[in-house]
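>>> I would like the atomic coordinates for the input below:
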Amino acid sequence: MVAEIYFETISVKLRVGPDIADITDIFEDVIQKSRIVNGVLTASVVGSTGSLTTIEFEPGVVQDLKDAVNRLAPPGVDYAHEKAWHDGNGHSHVQAALLGPSISIAVRNNRLKLGTWQQAVAINHDNKARTREIEVTVIGNK
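As a prediction, the model looks like this:
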C-alpha cells in the first residue's frame, strides 16, 4: 500500500495572548477532505509566538493553561529580546517555545483519535491579536 498525502493551510483568528482556540473541528474537516482513513495528522503553526497542543477545552482548563504559561514566562519581566526589538513580547517567544509549534495526532477511521475530553488547540502568545496560519498535513491510507 502506498501512503497518500494531503495538505492544507488553515487560518485561525486569535486575540491578544495567551488566547486559546479549539481547532478540533477544523482538523476534522481537513481529514474529511483528505479522505484518509488511517494515518496521522501533523500540524505546525507559522510564527515564533504561536503554539499547538491538546487540552480539555473547558473554561477552567483554558484559564489554568493561560495562568501556567504566564507563570513560566511572565509578561513584564526583563527579557533580552526587548533589548534588541523593544516590542514587549519577549515572554511571547519563550511561552511559545515551551509549548512548541507542532502537533501530531493519529487518524483512525477517518477521524482524529482523541480522548473523550481532549481537543486540539491553537494558542497565540503575542501581545497583539494575530491571525495564525497553521500548516496541516495528513498522511495515510484511503
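
>>> mind listing the strands for this structure?
For the chain, the strands defined by DSSP state E occupy 4-14, 19-22, 38-45, 50-55, 102-108, 111-112, 119-124, 130-141.

>>> where does this protein have its least confident helix or strand?
helix 80-85 (a mean of 88; mean pLDDT, DSSP states H and E).

>>> include mean neighbour count when you put the strands of the chain into a markdown table, please.
In short, each C-beta sits where N, CA and C put it, glycine included. Converted to a markdown table, the strands of the chain look like this (neighbours: other C-beta atoms under 10 Å):
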| stretch | mean neighbour count |
| --- | --- |
| strand 4-14 | 14 |
| strand 19-22 | 19 |
| strand 38-45 | 20 |
| strand 50-55 | 20 |
| strand 102-108 | 17 |
| strand 111-112 | 16 |
| strand 119-124 | 25 |
| strand 130-141 | 18 |
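
>>> possible to save these as JSON lines with mean pLDDT and distance to D78?
Converted to JSON lines, those look like this (pLDDT from 0 to 100; distance: least, C-beta to C-beta, whole Å):
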{"stretch": "strand 4-14", "mean pLDDT": "98", "distance to D78": "26"}
{"stretch": "strand 19-22", "mean pLDDT": "98", "distance to D78": "24"}
{"stretch": "strand 38-45", "mean pLDDT": "98", "distance to D78": "27"}
{"stretch": "strand 50-55", "mean pLDDT": "98", "distance to D78": "23"}
{"stretch": "strand 102-108", "mean pLDDT": "98", "distance to D78": "29"}
{"stretch": "strand 111-112", "mean pLDDT": "98", "distance to D78": "41"}
{"stretch": "strand 119-124", "mean pLDDT": "98", "distance to D78": "23"}
{"stretch": "strand 130-141", "mean pLDDT": "98", "distance to D78": "24"}
